[in-house]
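# just a sequence and a predicted model for now, questions to come.
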Amino acid sequence: MKTIGERAPRHIVDQTLPLLFASLPDVPPNRNAAADREKCWKLLLTLQKLCVQQELFEVMVVRLMTKFDLLCFPSKLGSDDVEPAQAYAHMILKTLALTLDTKVKAKHPDVAKYIDNLIPRIFNVFVASVFVPEELKVVASDSRLFRVAGEIITSVVQSLPISFVFHPYSYPMC
């Protein structure tokens, strides 16, 4: 599938990815549902290996970040047990981080563009979580999520061209 993804990514975007993403739940598997968690891991691992090519990765970022947002800001309040949602959110971010790591090692030029959309989106989840009332459990308060978000941010920032990072007009004059 990787070869097909490199030569004809449109086929995978149109036919394979919708099936894979439809199989990933919008809500976390229950604490006692080991088989469901394993299925999620296998689906995310498949996406990680499949979606390295630029067009496939773009789709993966949009779809996984949507699921991440749904986990961090559910439309209805669930139980006080947020650990399953935190674990699933961690799996999602880790999939993005590992795929980005593969892309960085392969020196894919498209990684740098995620400074404009992926990084602010991740950052906004953590900032918005601060404004959730204290009596509610917050999914994005898990330290594992901070660590993997840091991995994602580091991968993207390190892929930026030096001219972007050290542009003479990007810092105020002292």
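Looks like it came in fine. Bear in mind that the values here come from a model prediction, so they are computed numbers and not experimental data.
# okay, how far is it across stretch 26-44, tip to tip?
In stretch 26-44, first residue to last residue: 13 Å (CA to CA, to the nearest Å).
# what of stretch 66-85?
Note: stretch 66-85 ends 14 Å apart using CA to CA.
# so which bits of that stretch are buried?
Lys67, Phe68, Leu70, Leu71, Cys72, Val82, Pro84, Ala85 (16 or more other CB atoms under 10 Å). Glycine gets a C-beta too; all of them are placed from N, C-alpha and C.
# for stretch 128-146, buried residues please.
For stretch 128-146, by 16+ other CB under 10 Å, it's Ser129, Lys137, Val138, Val139, Ala140, Asp142, Leu145.
# check the residues you listed and tell me the two furthest apart.
Using CB to CB, the pair of the buried residues of stretch 128-146 lying farthest apart is Lys137 and Leu145, separated by 13.4 Å.
# Val59 and Val13 touch, don't they?
Yes - using CB atoms under 8 Å, Val59 makes contact with Val13 at a distance of 5.6 Å.
# that older thread, between the buried residues of stretch 128-146, which is nearest Ile92?
For those, the nearest to Ile92 is Leu145 (9.6 Å; CB to CB).
# next one, pLDDT for that closest one please.
pLDDT, the model's per-residue confidence, is 95 for Leu145.
# could you point out the longest helix of this protein?
Taking DSSP state H as the criterion, the chain has its longest helix at helix 83-105.
# for it, the averaged confidence score.
Here the average pLDDT along helix 83-105 is 96.
# what about the helices in this protein?
Going by DSSP H, the chain shows helices at 2-7, 9-11, 17-23, 34-50, 54-72, 83-105, 118-130, 143-158, 162-165.
# want to throw these into CSV with distance to Val111?
Shown next, in CSV, are these (distance: least, CB to CB, whole Å):
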stretch, distance to Val111
helix 2-7, 16
helix 9-11, 17
helix 17-23, 20
helix 34-50, 15
helix 54-72, 9
helix 83-105, 5
helix 118-130, 10
helix 143-158, 6
helix 162-165, 12
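# quickly compare the ones you listed and say which is most buried.
helix 83-105 (a mean of 21; mean count of other CB atoms under 10 Å).
# what's the angle from that helix to helix 54-72?
In terms of direction (axes from the mean of the first three to the mean of the last three CA atoms, to 10 degrees), helix 83-105 departs from helix 54-72 by 160 degrees.
# other SSEs contacting helix 83-105?
Judged by 3 or more CB pairs under 8 Å, 6 or more residues apart in numbering; DSSP states H and E, helix 83-105 is in contact with helix 34-50, helix 54-72, helix 143-158.
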